[in-house]
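1. Just a sequence and a predicted model for now, questions to come.
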Amino acid sequence: PNRDAMDRMTDTTAVEACQKLASGHMSYITPSHDVWFKWSAPDDRGGDEAEAWYNQCSEIALKELSVSNFYTEIHECFLDRVALGTGSLFTGTSSDGRLLFTNIPCGQFACAENAEGRVDTYVREFTYTAHQARSMFGVKALGPKAREVLERGGNPYATTLRFLHVVRPRTRRSRRREQASHMPFESVYLSLDDQVIVEEGGYMEFPYLVTRFLKWGSGPYGLAPGRLVFPAIQQVQFLNRILDTLGEVAAFPRILELANQIGEVDLRAGGRTVITPEAASLHLPREWATQGRYDVGMDRLAQKQDAIRRAYYLPMLELWSGHRGNMTATEVMARENERVLMFSPSFTLFVSDLYSTMTRIFSLLFRMGKFPRPPRAVLRVGRDGSVAVGEPRVVYQSKIALVLRRLQSEGMDRSLQRLNMMMQAAPDLADHVDWDHCFRLSARVDGAPESMLRPWADVRAMRKERADLQQGASLAPAEEDPYSSLNPLLDQLTAIQK
């Protein structure tokens, strides 16, 4: 943060709201203590075997993210996303075979989108100490300035060097070659101090995440929520200064006195001031210009602060704070739906921006051998005849994702209630509903664990076994009555008795 700007700040409503919304991102979108995503098969061709393999990969990926610095860096990225409208994160690997993430602060990068609206070109300017540059690129790759520091006894920990990292789609490459020079994305590190290229390489996937809070216009950068209420943020700073002045005047009032009373008025606690009859007739000294309306200023300040909090979605984060009394489960879900829907455009944009990063995480872990051996059910043949693991779909399981998906469940519940009423007049209407699909969909939407649902193959087998047992029971011959041979004798005895 800018020190001068922080020193001039008199109201911290926007700063606190920004921190709460960034923390809300962590709690509602990428919670470190919960399952917030899972990978799913790209299509239905692989069946349960493919789905089980992707689910197992999801569990491994969540463990790898928890032992990496992902949650620390993504929180800083969320702060930039909320405060400045655009956040950026680099995804790579460390020397010990773990995932490594780096937050790129705003102001250090520029980016561009392709025709589909995805960021595919990225330029980043950064500084390294000579020691960091040596460990990153090696001494031989560095320019004369860096080598001079390292080879002639300079301080490698204090000398800073400027670099540029450029990532862009590679225009000419051979898809059959696996060298870095033929990867889909070109990577170039340039020393700005020596104007030399220190490293050339490539990436199989785009390594930088660029997430926007909201998009405005056709540019690649985002719009921060504070920009929409920037006048209110300025006004609360001004109002706070005015109210501080009014409070000081009330505590230390202005004094009106005669010219000959200068220095004679004792303002100390319990002080005594001797005045002339002339001053007494004029009621001097006395307080002067202290009648400010502190209550009016506080009301205006509260209105402006409330507008800032709404812009940062704090009512959604503080769902129950303004409610007194008990709420039913239906009321809780209705309040959640209403407020989360206001945030859904930003969440949807984050999901779109995160797509390339989730693909890169999956590919990095697969190439590092973290995943189990893939079954044939997940293999797909490309256009060029190559065989590779199918790119998974990402299913988000965070609170906001579940609330948005729960709207589908509510629509299904309303339809079934209406169907129940109409079936009293037309029972055949039940034939329109796939009851199995309804139950499985509602269970997944409500966040039930996948292990609760039996695989479709097991359900079909159980139903077939049950049907076979029922059919066998209906075809079995009826048991004979052991006393049936005595029936004629009983009939004769009955007739004699009559």
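-> On my side now, so go ahead. Residues are numbered from 1 along each chain as shown.

2. any idea how far Gly219 is from Cys345?
-> Let me fix one detail, which is that residue 345 is Pro and not Cys. 17 Å (CB to CB, to the nearest Å). Where C-beta positions appear, they are placed from N, C-alpha and C, glycine not excepted.

3. same check, this time on Glu51
-> 39 Å.

4. do Leu365 as well
-> 33 Å.

5. who has more neighbours, those two?
-> In this view Leu365 and Gly219 are compared by other CB atoms under 10 Å, and Leu365 has more residues nearby, 18 against 13.

6. residues touching that one, list them.
-> Cys57, Ile60, Ala61, Glu64, Leu99, Phe371 (CB atoms under 8 Å, 6 or more residues apart in numbering).

7. from the residues you listed, which single one is nearest Val15?
-> Using CB to CB, Leu99 comes nearest to Val15 of those, at 31.1 Å.

8. In contact with Ser346: list those residues for me.
-> Phe213, Leu214 are the contacts of Ser346 under CB under 8 Å, 6+ apart.

9. so which strand or helix has it?
-> For Ser346, the host element (DSSP states H and E) is helix 329-367.

10. elements contacting the next helix or strand after that helix?
-> Using DSSP H and E, the helix or strand that directly follows helix 329-367 along the chain is strand 379-381. Applying 3 or more CB pairs under 8 Å, 6 or more residues apart in numbering; DSSP states H and E, we find strand 379-381 packed against strand 387-389.

11. hmm, who's touching the strand it packs on?
-> Outside strand 387-389, the residues that reach it (CB under 8 Å, 6+ apart) are Phe366, Pro374, Val378, Leu379, Arg380, Val381, Gly382.

12. Of the residues you listed, which one scores lowest on pLDDT?
-> For the contacts of strand 387-389, the weakest pLDDT value sits at Gly382, with 76.

13. Next one: that residue from Pro184, what distance?
-> 13 Å.

14. Looking at these two, which is more packed in?
-> Pro184 (14 against 9).

15. Cross-check the contact I'm expecting between the more buried one and Arg177.
-> No - the pair Pro184 / Arg177 is not scored as a contact, 11.8 Å apart, by CB atoms under 8 Å.

16. Ser66 in helix, strand or coil?
-> helix (DSSP: H, G, I helix; E, B strand; the rest coil).

17. I meant Thr211, not that one.
-> The three-state assignment at Thr211 reads strand, by three-state DSSP.

18. Tell me the pLDDT of it.
-> The model's pLDDT for Thr211 equals 95.

19. now Phe78
-> For Phe78, the predicted pLDDT is 95.

20. for the helix or strand containing it, which positions count as buried?
-> Using DSSP H and E, Phe78 falls within helix 70-84. Neighbour counts over helix 70-84 (16 or more other CB atoms under 10 Å) mark 70, 73-84 as buried.

21. With stretch 227-245 instead?
-> Val229, Ala232, Ile233, Gln235, Val236, Gln237, Leu239, Asn240, Leu243.

22. what do you get for stretch 40-58?
-> Ser40, Ala41, Pro42, Gly46, Ala50, Glu51, Ala52, Trp53, Tyr54, Asn55, Cys57, Ser58.

23. Then stretch 177-194?
-> For stretch 177-194, by 16+ other CB under 10 Å, it's Met183, Phe185, Glu186, Ser187, Val188, Tyr189, Leu190, Ser191, Asp194.

24. I'd like those as a markdown table, with distance to Val167 and pLDDT appended.
-> Formatted as a markdown table, the buried residues of stretch 177-194 follow (distance: CB to CB, whole Å; pLDDT from 0 to 100):
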| residue | distance to Val167 | pLDDT |
| --- | --- | --- |
| Met183 | 11 | 92 |
| Phe185 | 6 | 95 |
| Glu186 | 7 | 95 |
| Ser187 | 5 | 95 |
| Val188 | 8 | 96 |
| Tyr189 | 10 | 96 |
| Leu190 | 12 | 96 |
| Ser191 | 17 | 94 |
| Asp194 | 21 | 91 |
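
25. from these, which is closest to Arg360?
-> Phe185 (10.4 Å).

26. can I assume the closest one is in contact with Arg168?
-> Yes - with contact defined as CB under 8 Å, Phe185 counts as touching Arg168 (6.9 Å).

27. So for those two, which residues contact both of them?
-> Both Phe185 and Arg168 are in contact with Asp120, where contact means CB under 8 Å, 6+ apart.
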